[in-house]
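[1] The amino acid sequence is not available; the structure is as follows:
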Ligand SMILES: Cc1cc2nc3c(=O)[nH]c(=O)nc-3n(C[C@H](O)[C@H](O)[C@H](O)COP(=O)(O)O)c2cc1C
């Protein structure tokens, strides 16, 4: 079986921050499980939001040629997508949301049965709200979502604090193992079972006249 690949989007601007520390724990686990990790970090550069120009409908790429198109190329080949974000005002980091709106809207690859998972880190609150927002990208894309023994959250204002959240770290290591298992089983299943039949698209608006 081909080594599964997971695309990891680190939504933090801090290279050595809490999100990076938590992802380090997950990457070490993925490596033990024989999963290849490709990491893209949002960083400190500005990220354009989607402007709804629909140019991607013709080209299959975002009109703003930045890390989003780089991620889309890796996503097309990947078996899974892991999103990790610091909590900002009880939501994911705004730059990550801008990035994900453009990634999911512009990339035309078949996302079905690519495994999704998300992780939120915060000093104190807003973690499950953040987790819910991130999971919405998967659940509109026919992507199965890997889960763990808790909602995937780790507490810490800084990387050092996260190391003390032993339950949080156990949760994300378990998540990495479960995600690896799902990616491997889906790859095996695809050798025998075709992807589900697709109905033609229907696009209705809730407008009454
Ligand atoms: C603009 C901003 C908003 C934040 N909002 C919250 C919040 O709602 N709840 C919380 O617990 N922490 C909040 N934090 C703290 C961060 O989530 C926390 O420090 C996190 O560990 C940062 O991760 P990073 O080092 O990977 O960037 C906020 C931080 C910033 C900069």
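    Arrived safely. These numbers come from a predicted model, not from an experiment. Residues are numbered from 1 along each chain as shown.
[2] Could you use CA atoms for every contact and neighbour count after this?
    Fine.
[3] what about the protein, any weak spots by pLDDT?
    Across the chain, the ranges flagged by pLDDT under 70 are 209.
[4] Tell me which stretches of the chain form helices.
    Secondary structure of the chain (DSSP state H): helices at 18-32, 55-59, 67-77, 94-106, 127-139, 159-162, 166-192.
[5] Not counting sequence-adjacent ones, nearest residue to residue 124?
    Once flanking residues are discounted, residue 124 sits nearest to residue 155: 6.4 Å by C-alpha to C-alpha, 6 or more residues apart in numbering.
[6] The one you found is in contact with residue 167, isn't it?
    No: using C-alpha atoms under 8 Å, residue 155 is not in contact with residue 167; the gap is 9.6 Å.
[7] So for those two, which residue has more residues nearby?
    residue 155 (25 against 15; other C-alpha atoms under 10 Å).
[8] Could you check how far that one is from residue 172?
    12 Å (C-alpha to C-alpha, to the nearest Å).
[9] next one: residue 26
    Distance from residue 26 to residue 172, by C-alpha to C-alpha: 6 Å.
[10] Tell me which of those two has more neighbours.
    Comparing residue 26 with residue 172 by neighbour count (other C-alpha under 10 Å), the higher total belongs to residue 172, at 26 against 22.
[11] residues contacting the more buried one?
    The contact partners of residue 172, taken as C-alpha atoms under 8 Å, 6 or more residues apart in numbering, are 22, 25-26, 119, 148, 152-153.
[12] right, and out of those, which lies closest to residue 200?
    Nearest to residue 200 among the contacts of residue 172 is residue 119, at 33.4 Å by C-alpha to C-alpha.
[13] Return the set of residues that bridge with the closest one.
    residue 84 (DSSP bridges).
[14] Burial check on it, number of neighbours?
    As a measure of burial, residue 119 has 29 neighbours, counting by other C-alpha under 10 Å.
[15] How about residue 128?
    18.
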